[in-house]
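1. Could you look at this predicted model? Sequence included:
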Amino acid sequence: MRDFIVKYIPKNPESKQVADWTECRNFNLMLDTHLGPVANDSSKVYMRPETCQSLFTDFKAILDTTRTRIPFGLAQIGKAFRNEITPGQFLYRTREFEQMEIEYFVEDDEKKAMEIYNDRKNDCMNYWTEIIGINKEHLRFKDHEKLAHYAAAATDVEYLYPRGFGEIQ
């Protein structure tokens, strides 16, 4: 595969400089972990680490079947799995998460994309305050510091729970 890439894509498409392609390698999109108290070959399992993966892998099918065009948004809820120790109110091991992802797809135009992004943020705040009736002082946006490679921006809506601010959307 690398020979094919070097032959047919000799230059970096963005910089137009001769590309220094790495060797091709397999990527595992699943979380591998061990289920149970003892980690051995018989306890190895593979689980989905994020809920939004199918939104990307099925992107063309979504466009074809819904006949929608960019810009548009998709939401999905489901189980995701990680193997982590979570410090919070208590220390505990978490493997299974119920989470919802909202992905909004826009044109490859940063200025337009940010306009749409800010419109969606305003719509969200309006929904929580005007439609649901939550006091605006109990809500805030928390912009993500680390972004996925495909994202120009991302934010969570946080609500002031009795224990402090936490994600609500």
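-> Received, thanks. Please read all numbers here as calculations on a predicted model, not as lab measurements.
2. Show me where the chain dips below the pLDDT cut-off.
-> By pLDDT under 70, the weakly predicted segments of the chain are 27-31, 48-53, 82-95.
3. Only alpha carbons, please: show the helix or strand hosting Lys111 as CSV.
-> Under the criterion of DSSP states H and E, Lys111 resides in helix 110-126. Taking C-alpha atoms only, helix 110-126 is exported to CSV below (Å, rounded to 0.1, in the frame of the first residue of the first chain):
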residue,chain,number,x,y,z
GLU,A,110,-13.7,28.2,8.7
LYS,A,111,-15.5,31.5,8.8
LYS,A,112,-18.9,30.0,7.9
ALA,A,113,-18.3,27.1,10.2
MET,A,114,-17.6,29.3,13.2
GLU,A,115,-20.8,31.4,12.4
ILE,A,116,-22.8,28.2,12.4
TYR,A,117,-21.1,27.0,15.5
ASN,A,118,-21.9,30.2,17.4
ASP,A,119,-25.5,30.1,16.1
ARG,A,120,-25.8,26.5,17.5
LYS,A,121,-24.4,27.6,20.9
ASN,A,122,-26.9,30.5,21.0
ASP,A,123,-29.7,28.1,20.1
CYS,A,124,-28.7,25.7,22.9
MET,A,125,-28.6,28.5,25.5
ASN,A,126,-32.0,29.7,24.3
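4. Going forward, count from 367.
-> Will do, 367 is the new start, and the previous item becomes helix 476-492.
5. which helices and strands sit right next to the helix or strand following it?
-> Toward the C-terminus, helix 476-492 is succeeded by strand 505-509 as the next helix or strand (DSSP H and E). Identification of packing neighbours for strand 505-509 by 3 or more Cβ pairs under 8 Å, 6 or more residues apart in numbering; DSSP states H and E yields helix 476-492, strand 521-527, strand 530-533. From N, CA and C alone the C-beta is placed, and that goes for glycine too.
6. For stretch 521-535, measure first residue to last.
-> Stretch 521-535 stretches 9 Å from its first residue to its last (Cα to Cα, to the nearest Å).
7. meant to ask about stretch 505-518
-> 23 Å.
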